[in-house]
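Trainee: with the sequence up front, the predicted model follows.
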Amino acid sequence: MAEPALPTPERLRPPEGLWRRRVASFGHAGRGVWSALRSEVHLRLHAVATVVVIGLGFYSGLSRLEWALVALAVACVWAAELMNTAIEALTDLASPAYHPLAGKAKDVAAGAVLLAALGALVVGALVFVPHFI
Ligand SMILES: Nc1ncnc2c1ncn2[C@@H]1O[C@H](COP(=O)(O)OP(=O)(O)OP(=O)(O)O)[C@@H](O)[C@H]1O
């Protein structure tokens, strides 16, 4: 999929005022999540999984502590996947040609996602299985 056009220097200039800058930062972050969602199939799967987990949570009547654990696990997977996407993009920018370090950077970033996903799986099993047996 073609990447969107680069922002113009005018768009990159931070707006005047502390609050406007804060709001603009949220806008940049939201744009980042949206852009990653559009380009990464894995993130769209996470989005579906997140909706399923939230539905299961309401169905099982999770306690506040269980919700906190599930929210943390889900957020960790999203954060790891977004960092992985950012590292992939930077790696492709810095080293479009094959380089062992570029491969290492991508493999390590993918490893972070794997660990976060395994942790979420353990949390999910510990929280949800007792509600279903
Ligand atoms: N420039 C490169 N130099 C060396 N190895 C690379 C390079 N680009 C990719 N690789 C290797 O190929 C693997 C797959 O890279 P790729 O960019 O296709 O990511 P991916 O695992 O398909 O992630 P996604 O599906 O999220 O795009 C990397 O983990 C790395 O081992």
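Mentor: Thanks, I have it. Keep in mind that this is a model prediction, so the values were computed, not measured.
Trainee: residues of the protein that sit close to the ligand?
Mentor: Residues of the chain lying near the ligand by Cβ under 6 Å from any ligand atom: 40, 42, 88, 95, 98-99, 102-103, 106-107, 110. From N, CA and C alone the C-beta is placed, and that goes for glycine too.
Trainee: relative to Gly124, which of those is nearest.
Mentor: Nearest to Gly124 among those: His42, at 17.2 Å, using Cβ to Cβ.
Trainee: from Ala79, how far off is the residue in the chain that the ligand sits nearest to?
Mentor: At 2.8 Å from the ligand, Gly103 is the closest residue in the chain, using Cβ to the nearest ligand atom. For Gly103, the distance to Ala79 equals 23 Å [Cβ to Cβ, to the nearest Å].
Trainee: then His42?
Mentor: 13 Å.
Trainee: looking at Leu115 now. What's its pLDDT?
Mentor: Here the pLDDT value assigned to Leu115 is 98.
Trainee: hmm, I was thinking of Leu12
Mentor: Confidence score, pLDDT, at Leu12: 67.
Trainee: i'd like the first residue to be 24 from this point on
Mentor: All right, first residue 24 from here; so that's Leu35.
Trainee: longest helix of this structure?
Mentor: In the chain, ranked by residue count with DSSP state H as the criterion, the top helix is helix 123-155.
Trainee: surely Glu111 touches Val131?
Mentor: No: counting by Cβ atoms under 8 Å, Glu111 does not reach Val131; the two are 11.4 Å apart.
Trainee: in the longest helix of the chain, which residues are buried?
Mentor: Neighbour counts using 16 or more other Cβ atoms under 10 Å place 125, 128-129, 132-133, 135-136, 139-140, 143, 146-147, 150-151 of helix 123-155 among the buried residues.
Trainee: TSV please, covering these and showing distance to Asn107.
Mentor: Formatted as TSV, the buried residues of helix 123-155 follow (distance: Cβ to Cβ, whole Å):
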residue	distance to Asn107
Ala125	14
Ala128	10
Lys129	8
Ala132	4
Ala133	6
Ala135	6
Val136	5
Ala139	9
Ala140	11
Ala143	15
Val146	20
Gly147	20
Val150	25
Phe151	25
